[in-house]
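**Q** Let's see this in three dimensions:
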Amino acid sequence: MLDAIADIGRDPGTGGYRRYAWGDADMLLREWFTGEAAARGMDLVEDGNGNQLAWWGSGPDALLLGSHLDSVPDGGAYDGPLGIVSSFAAVDRLRAEGFQPSRPVVVASFADEEGARFGIACAGSQLATGALAPARALAQKDRDGITLAAAMAARGRDPRAVGRTAWLADVGAFVELHVEQGRSLVHSGAAVGVASAIWPHGRWRLDFCGEANHAGATRMEDRRDPMPAYAATVLAARRLATESGARATFGRLEVEPGGTNAIPSRVSAWLDARAGDEESLDRLVAELVAAARTATAADGTTLHLVTESVSPAVRFDVPLRDRIASTLDAPVLATGAGHDAGVLSARVPTAMLFVRNPTGVSHSPAEHAADDDCTAGVTALTAVVRDLA
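**A** All right, here's what the predicted structure looks like:
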């Protein structure tokens with residue numbers, strides 16, 4: 001199944017994946033998911049947010065499995081798709097055994113988990129649970145100025161259908177399998193682990209504003225250049241995060257007007273910040289913004305801060321987590337990465353399985369998981385479904 005989608009959205013130059021919400025690659029992946037559901041005789045439902053669900057059985061108290069198919073820019077092959085492929089594979093194994101589930105089993109593909117195009121992570125699951133207001137989501141624009149509403153309409157979807165969904169009332173638990181984004185399992189020697197918690201995290205946009213001018217004719221002391229304040233903020237972010245054991249990353253930058261021989265008028269930078277608890281995250285962001293304001297005040301520029309999204313800490317359902325860990329005899333570990341499971345945990349008992357990543361690299365073409373470990377993940381997920389259903 002991974003081979004069947006290996007070329008969809010893959011950049012020939014970098015080898016990474018560019019599978020953005022409602023883009024061409026996303027639509028092809030939706031067709032693939034539809035085909036996999038049909039091949040198994042599973043009933044396919046797509047809600048108003050673009051989340052796809054393949055049902056084995058019907059009724060309440062369903063056991064939900066799955067993950068997402070979209071990617072970050074130049075992402076890897078496993079982040080998201082491994083969870084969906086493993087879920088279908090677990091269904092195949094159980095059916096081959098003649099297993100008859102006592103509750104519906106559903107494989108889900110959540111829309112726009114990475115938020116790479118419209119800037120809000122886990123948009124599909126947040127909309128489905130009511131955690132994200134439809135009006136806010138629909139107004140989000142991509143880099144070309146296209147709103148989510150327009151992108152959905154162009155693909156034949158009705159933006160008026162976006163919002164809280166009815167199917168969630170029929171879900172009794174959610175188990176998401178995901179490639180580990182780190183090296184905890186490498187150090188433990190286990191192929192599969194169980195998640196305990198997700199760190200709180202968020203995204204902020206910092207607009208450093210100055211005055212455009214000529215790079216050659218303007219004296220250094222006469223400039224209102226926002227770039228030095230941005231650079232100082234990056235260094236402050238690294239220092240503050242390192243000192244507190246947190247994470248702070250500036251991974252996206254836009255410079256206006258963008259001329260090589262022009263002093264910028266604006267530098268817009270997106271901060272991704274994560275920490276072990278909400279208090280630590282709040283302190284990290286507050287100290288970083290204070291450092292940015294100090295830097296802008298020193299050179300006559302200004303700072304405008306926009307909070308794009310903040311996700312609180314998630315502690316997965318303890319009885320479910322412990323039951324799965326006992327069933328699998330697997331280690332329990334926390335993660336700093338966000339997932340749809342973290343969003344759904346506010347509404348239903350939720351757990352996560354991680355499959356070993358030998359390098360720990362993720363959100364990169366170098367992301368990898370060995371075939372044997374992926375097979376171990378399928379075996380583990382099959383055991384979980386057999387136990388819970």
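
**Q** buried ones in the helix or strand bottoming out on mean pLDDT in the chain?
**A** Among the helices and strands of the chain, strand 332-335 carries the lowest confidence by mean pLDDT, DSSP states H and E, at a mean of 83. Residues of strand 332-335 classed as buried under the neighbour-count rule (16 or more other CB atoms under 10 Å) are Leu333, Ala334, Thr335. The C-beta positions use only the backbone N, C-alpha and C, and glycine is treated the same way.

**Q** and which of those is nearest to Asp299?
**A** Comparing the buried residues of strand 332-335 against Asp299 with CB to CB picks out Thr335 as the nearest, at 38.8 Å.

**Q** Dig out what the closest one forms beta bridges with.
**A** Beta-bridge pairing of Thr335, defined through DSSP bridges, involves Ile198.

**Q** And it, how far from Gly251?
**A** If you measure Thr335 against Gly251 using CB to CB, to the nearest Å, the figure is 18 Å.

**Q** go on, Leu29?
**A** Taking CB to CB as the measure, Leu29 falls 24 Å from Gly251.

**Q** Mind checking which of the two has more residues around it?
**A** Neighbour tally, Leu29 and Gly251, criterion other CB atoms under 10 Å: the higher count belongs to Leu29, 24 against 12.

**Q** mind listing what Gly59 touches?
**A** Arg103, Pro104, Asp170 (CB atoms under 8 Å, 6 or more residues apart in numbering).

**Q** Correct me if wrong, but Ser196 is in a helix.
**A** No. Assigned with DSSP: H, G, I helix; E, B strand; the rest coil, Ser196 falls outside any helix and is strand.

**Q** List the contacts of it.
**A** If a contact means CB under 8 Å, 6+ apart, then Ser196 has Arg315, Phe316, Arg321, Val332, Leu333, Ala334 as its contacts.

**Q** what about the second one, neighbour count?
**A** Using other CB under 10 Å, Phe316 has 24 neighbouring residues.

**Q** Ok, the first one next?
**A** In terms of burial, Arg315 registers 14 neighbours under the definition other CB under 10 Å.

**Q** Would you confirm that Ala236 contacts Ala286?
**A** No. The pair Ala236 / Ala286 is not scored as a contact, 12.0 Å apart, by CB atoms under 8 Å.

**Q** more neighbours, the two?
**A** More neighbours surround Ala236 than the other of Ala236 and Ala286, with 19 against 11 (other CB under 10 Å).

**Q** host element of the more buried one?
**A** When secondary structure is defined by DSSP states H and E, Ala236 falls within helix 227-244.

**Q** List the neighbouring strands of the very next helix or strand once past that helix plus their orientation.
**A** Beyond helix 227-244 on the C-terminal side, the first helix or strand identified by DSSP H and E is strand 247-256. Note on strand 247-256: by DSSP bridges, its sheet partners are strand 266-274 (antiparallel).

**Q** C-alpha coordinates for the strand it pairs with, PDB please?
**A** Taking C-alpha atoms only, strand 266-274 is exported to PDB below (Å, rounded to 0.1, in the frame of the first residue of the first chain):
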ATOM      1  CA  ARG A 266       8.700  43.700   6.800                       C
ATOM      2  CA  VAL A 267      10.000  40.400   8.000                       C
ATOM      3  CA  SER A 268       7.300  37.900   8.900                       C
ATOM      4  CA  ALA A 269       8.500  34.800  10.800                       C
ATOM      5  CA  TRP A 270       6.600  31.900  12.100                       C
ATOM      6  CA  LEU A 271       7.500  30.500  15.500                       C
ATOM      7  CA  ASP A 272       6.700  26.900  16.500                       C
ATOM      8  CA  ALA A 273       7.200  26.500  20.200                       C
ATOM      9  CA  ARG A 274       6.700  23.500  22.500                       C
END
